[in-house]
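> Need coordinates for the following:
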Amino acid sequence: MYNFQPDNDLDIIAHLGDDYEKHNDAVIPPVYLTSLHVTPKEAVGGPPRQYLYGRVNNPTVELLERKVAALERADRALAFGSGMAAITGCLLANLAAGDHVVAVDTAYGPSRMFIAEHMAKFGIEYTFIPGDDVAQFREACRPNTKVFYLESPSSMLFLLQDLRAVAALAKERGVVTMIDNSWATPLYQKPLTLGIDISIHTISKYIGGHSDIIAGIAAANEEMIKKLERVRSIYGAILGPMEAWLAIRGLRSMPLRVREHGRSALSIAQRLETHPKIARVRYPALASDPQHELAKSQMTGFTSPFSIELKCDADAAREFVKRLKCFNLGPSWGGFESMTTLPYPPGAHVRLHVGLEDTETLYADLKDSLDLI
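As a prediction, this is how the structure comes out:
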């Protein structure tokens, strides 16, 4: 029906896999709210059926997977019940007792917690590094290292890893690379094209985009997906069909949303850089950021979350956050609404997610609270 170009993300989002003629010409794909697909009697003894049991696959979930895989330039993708389910599934599929993982120490807190606390129960060792220099991966690598776990830009401090360099080192050492790519989205960063093995997204962020679903997805080549499929099935970690349908809805508006998030965030970050109560703004979109050139070399755009380091102690930083009227306090981001977090130790680092509200109103709210420090 459509002549798709493999590098046209908008066509992928709008039409790939929708197959109107299969669904009574419905312009919105249907939700397959079923736990079971029956097998016709005449099919017994024949080839395996495409759909059988909801713990293994579902047509609505598969449509989401096809779209994200195409955006990531991957063979396939698998959707999970949460971003953490995707992250832990990828780690469990590639690590065993006696193995070692090198991970970025400013990655998402629960990801670090899983590596440091839960994987130890399986006899898996770990090393945390800043990750902003490939030499750190080389120095941390051991004979039993099996995984490099990346997050670029990373949570709170928004440090980048040189994905090409890390991927090249990993291939040299026989190490699997996986990245939490939620910040950049599959529109602005395509890690597999840079040599990374697995790209993971928390769909709850920009893909969903409306703060109403918990979901995750991982994209990789066919061989890796087969490993992940077994883990997802055994652990029962597949995404539900309703959440998959909402994620497909979110994909449709994602290009417009992330563009506006990024524009507003850059406008506010540039003004915050000059405020006397701010020591530093950490945001790779800024020309002043020490990793700005690296960011431009591996990303095609920038989204919203960034952090500010205040010229005050942690107590005063908490009061700054409490005074904000337009920024809600919460642990997530990626929706319409602007969000902030409590200060990140050490120092007085505060993360800001600039939503889709009026930029001047948001900046005025930040300035009013900063002026009282």
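
> Model confidence for Phe4, exactly?
Looking at Phe4, its pLDDT reads 51.

> ugh, wrong one, I meant Arg76
97.

> Enumerate every residue touching Val68.
74, 77, 79, 186, 201, 207, 217, 219, 251 (Cβ atoms under 8 Å, 6 or more residues apart in numbering). Every C-beta, even on glycine, is put in place using the N, C-alpha and C of the backbone.

> I'd like to know which of the residues you listed is nearest to Tyr108.
Nearest to Tyr108 among the contacts of Val68: His201, at 12.1 Å, using Cβ to Cβ.

> Next, give phi and psi for the closest one.
Here is the backbone geometry of His201 (degrees, to the nearest 10): phi -130, psi 140.

> Could I get the contacting residues of it?
68, 83, 86, 180-182, 185-186, 207, 216-219.

> So what sits opposite it in the bridge?
Ile217 (DSSP bridges).

> roughly how far apart are it and Leu64?
Noted for His201: a distance of 11 Å to Leu64, by Cβ to Cβ, to the nearest Å.

> which residues are in contact with both of these two?
Ile217.

> Give me the domain ranges for this protein.
The chain breaks down into these domains under automatic domain parsing: 9-250, 255-370.

> what comes into contact with stretch 265-280?
For stretch 265-280, contacts defined as Cβ under 8 Å, 6+ apart pick out 281, 283, 285-286, 288, 302-306, 308-312, 352, 354, 359, 362-363, 366-367, 370-371, 373.

> which of those residues are buried?
281, 283, 285-286, 302-306, 308-310, 312, 352, 354, 359, 362-363, 366, 370, 373 (16 or more other Cβ atoms under 10 Å).

> So which of these are in helices?
Residues of those located in helices (DSSP state H): 359, 362-363, 366, 370.

> Please spell out which residues along the lengthiest helix in the chain are buried.
For the chain, the helix that runs over the most residues, judged by DSSP H, is helix 241-272. Of all the residues in helix 241-272, those buried under the rule 16+ other Cβ under 10 Å are 241, 243-251, 254, 257-258, 261-266, 268-269, 272.

> And stretch 112-132, by the same measure?
Applying 16+ other Cβ under 10 Å to stretch 112-132 flags 112, 114-115, 119, 124-129, 131-132 as buried.

> can you redo those residues as JSON lines with secondary structure, distance to Asp212 and pLDDT?
Below are these laid out as JSON lines (DSSP: H, G, I helix; E, B strand; the rest coil; distance: Cβ to Cβ, whole Å; pLDDT from 0 to 100):
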{"residue": "Arg112", "secondary structure": "helix", "distance to Asp212": "27", "pLDDT": "96"}
{"residue": "Phe114", "secondary structure": "helix", "distance to Asp212": "25", "pLDDT": "97"}
{"residue": "Ile115", "secondary structure": "helix", "distance to Asp212": "29", "pLDDT": "97"}
{"residue": "Met119", "secondary structure": "helix", "distance to Asp212": "31", "pLDDT": "93"}
{"residue": "Ile124", "secondary structure": "coil", "distance to Asp212": "35", "pLDDT": "97"}
{"residue": "Glu125", "secondary structure": "strand", "distance to Asp212": "39", "pLDDT": "98"}
{"residue": "Tyr126", "secondary structure": "strand", "distance to Asp212": "34", "pLDDT": "98"}
{"residue": "Thr127", "secondary structure": "strand", "distance to Asp212": "37", "pLDDT": "98"}
{"residue": "Phe128", "secondary structure": "strand", "distance to Asp212": "33", "pLDDT": "98"}
{"residue": "Ile129", "secondary structure": "strand", "distance to Asp212": "35", "pLDDT": "98"}
{"residue": "Gly131", "secondary structure": "coil", "distance to Asp212": "32", "pLDDT": "97"}
{"residue": "Asp132", "secondary structure": "coil", "distance to Asp212": "34", "pLDDT": "95"}
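
> Good, wrapping up.
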